[in-house]
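A.B. asks: coordinates only, sequence not included:
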């Protein structure tokens, strides 16, 4: 079994776990708009994006990180669509993993990654302060991950 298929299967398992877990987070019930077949949709989308991401990676390390990031982005997107809330419990550890990947993957420069994360935080924080309502702190923390 090739690494792309393996990462795709693992992404599906991780997405299923994340989709089930995210339903237990303390959201405001009036804001929740459940997507029909939510878990199945989340798993299928995460597997598709992780498969494409892993297929594009050059080394096993980059394939793994790219597959993991695609699952995290999928989970954040589904949760944000339903609740207009981006949980820091997903975006902050993902940011740490992204910075760790820049240390491990030889194609990435850790200084550029750190600078990009800081610039993203600063720019999105300014937008958050100016926008007053259309932007939340979850968007700010997610910008560091992107």
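C.D. replies: Done, it's in. These numbers come from a predicted model, not from an experiment. Residues are numbered from 1 along each chain as shown.

A.B. asks: which residues touch residue 47?
C.D. replies: Contacts for residue 47 (Cβ atoms under 8 Å, 6 or more residues apart in numbering) come out as 8-9, 11-12, 15. All C-beta atoms are positioned from the backbone trio N, CA, C, and that covers glycine.

A.B. asks: In this protein, which helix is the longest?
C.D. replies: helix 60-83 (DSSP state H).

A.B. asks: next helix or strand past the lowest-mean-pLDDT helix or strand in the chain?
C.D. replies: Ranked by mean pLDDT, DSSP states H and E, the weakest helix or strand in the chain is helix 3-22, scoring a mean of 68. Downstream of helix 3-22, the first helix or strand assigned by DSSP states H and E is helix 38-56.

A.B. asks: Report the buried residues of that following helix.
C.D. replies: Neighbour counts using 16 or more other Cβ atoms under 10 Å place 38-39, 42-43, 45-47, 49-51, 53-55 of helix 38-56 among the buried residues.

A.B. asks: With respect to residue 72, which of these is nearest?
C.D. replies: Set against residue 72, the nearest of the buried residues of helix 38-56 by Cβ to Cβ is residue 46 (9.1 Å).

A.B. asks: Excluding sequence neighbours, find me the nearest residue to the closest one.
C.D. replies: In space, and not counting its chain neighbours, residue 46 is closest to residue 15: 3.3 Å by Cβ to Cβ, 6 or more residues apart in numbering.

A.B. asks: residue contacts, the one you found?
C.D. replies: Residue 15 sits in contact with 42-43, 45-47, 50, 71, 74-75, where contact means Cβ under 8 Å, 6+ apart.

A.B. asks: Reformat those as a markdown table; add pLDDT and distance to residue 114.
C.D. replies: What follows is those, written out as a markdown table (pLDDT from 0 to 100; distance: Cβ to Cβ, whole Å):
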| residue | pLDDT | distance to residue 114 |
| --- | --- | --- |
| 42 | 76 | 31 |
| 43 | 77 | 33 |
| 45 | 78 | 30 |
| 46 | 77 | 27 |
| 47 | 77 | 31 |
| 50 | 76 | 25 |
| 71 | 82 | 23 |
| 74 | 84 | 25 |
| 75 | 83 | 24 |
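
A.B. asks: Since that was my last question, I'll sign off now.
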